[in-house]
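A.B. asks: My questions concern the predicted model and sequence given below.
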Amino acid sequence: MEVACVLIPESALSDPVEAGELTEGLLRRLERIGAAVESERAGEAFFALDGLRGLYGGESARVLAAARRAAEAEVRIGVAPTRFAAHAAALREAIVPPREAGDFLAGLPVSSLAGRIALPPREAGGLVEALRRLGIGTLGALAALPAGRVADRFGPAGLEAWRLARGEEGPLRPRRPHEELTAEVELPEGAAGAQLEYALKLLVDRLLATPGRRGRTLLGLRLGALLGAGGSWSVDQGLGRPTASARTLCAVLMTRLETLPGPVAALRLHSLGLGPPAGEQLELSVRGSEHRRRLLAAAVREVRAAQGADSLLSILPLDSASRFPERRAILTPSPGR
């Protein structure tokens, strides 16, 4: 098996929220070329080349070229038989054939284990330093030790490092591709308080009116913000059960606004998964207002299906005290439930 590793430069990953969005964008674009991707850390993606060669003329080079085009940004790509070796190869932008993988791993310094074993950074650094003090400076020296001695001295973490040094890893665990909806609203000035609440309602309406939703419910949301003073913020919100109710989504997310660390320049909302289409719920009785609301929602869906997402708009109050008329209210899509 040949594993490809695609790395986003560390210089682009300084902000954790932006790093997550960049990584998610990379994974989605790789999935569009047919790759089954695995990613457990920001800025990296792994996929097997074996199943893709048939789509690209039987050549690995064409698969890698397609991956580089799909990345739409500067990335490093490496290939090797295991994800650990592929990551090391990507740092060097190298392609390591299976027959050369042993020599390639043997020449790597033990410091390459830091960040690749299941330990907190401080403990991983301690393990690497302990290996160095014992005169074990390369993975080849580590792989040459008996497994029993490594286990006695370093425990499970040492055994994991020993297996990586020998090129022993489990198969890739590709994620299940999922659809994501995104909406964003920019705020002309750093906003807080009631302005944020109005902006959140607008954001929810835009997300629900996205044509890609196709009437389906939402399973989870990620609310993010670009802060007026610089930096970003985000929080994931589970919904308990699938829903497409704007009222429910706003009620759940409104309390999250209280945890914002400062004024906001932009708000973003991402779906974390789509559920089944929203259907009618069985009830013992239906009051008149509820029946009218359902009929209105059905009419909204029909008009939007025929005329487009922006064919029906609602007036959303923003700041009634503003001196500028355009800031007192805004038009927002009317979502069909």
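C.D. replies: Nice, thanks for sending it over. These figures come from a predicted structure and were not determined experimentally.

A.B. asks: Secondary structure of residue 221: a strand, I assume?
C.D. replies: Yes: the assignment for residue 221 by DSSP: H, G, I helix; E, B strand; the rest coil puts it in a strand.

A.B. asks: Go ahead and confirm it touches residue 267.
C.D. replies: No: the pair residue 221 / residue 267 is not scored as a contact, 12.0 Å apart, by C-beta atoms under 8 Å. For every residue, glycine as well, the C-beta is placed using N, CA and C.

A.B. asks: From residue 274, how far out is residue 244?
C.D. replies: 10 Å (C-beta to C-beta, to the nearest Å).

A.B. asks: Give me the common contacts of the two.
C.D. replies: Each of 213, 216-218 lies in contact with both residue 244 and residue 274 under the rule C-beta atoms under 8 Å, 6 or more residues apart in numbering.

A.B. asks: which of these tops the neighbour count?
C.D. replies: For the shared contacts of residue 244 and residue 274, counting by other C-beta atoms under 10 Å, the largest number of neighbours falls to residue 218: 23 neighbours.

A.B. asks: So that residue, which state does it fall into?
C.D. replies: Assigned state for residue 218: strand (three-state reduction, three-state DSSP).

A.B. asks: Could I get the contacting residues of it?
C.D. replies: Residue 218 is in contact with 181, 207, 239, 242-244, 249, 271, 273-275, counting by C-beta under 8 Å, 6+ apart.

A.B. asks: Return the residues in contact with residue 225.
C.D. replies: 232-234, 260, 264-268.

A.B. asks: mind listing the helices in the stretch 201-337 of the chain by residue range?
C.D. replies: Remark: helices assigned in the stretch 201-337 of the chain by DSSP state H, counting those that start in this stretch are 246-254, 288-307.

A.B. asks: hey, least reliable of those by pLDDT?
C.D. replies: Mean pLDDT per stretch puts helix 288-307 lowest among these, at a mean of 63.

A.B. asks: picking that back up, can you put the shared contacts of residue 244 and residue 274 in CSV and add pLDDT?
C.D. replies: Below are the shared contacts of residue 244 and residue 274 laid out as CSV (pLDDT from 0 to 100):
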residue, pLDDT
213, 79
216, 81
217, 85
218, 85
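
A.B. asks: Closest one to residue 156 out of the residues you listed, please.
C.D. replies: residue 218 (39.8 Å; C-beta to C-beta).

A.B. asks: Any idea what the closest one is bridged to?
C.D. replies: On the basis of DSSP bridges, residue 218 is bridged to residue 243, residue 274.
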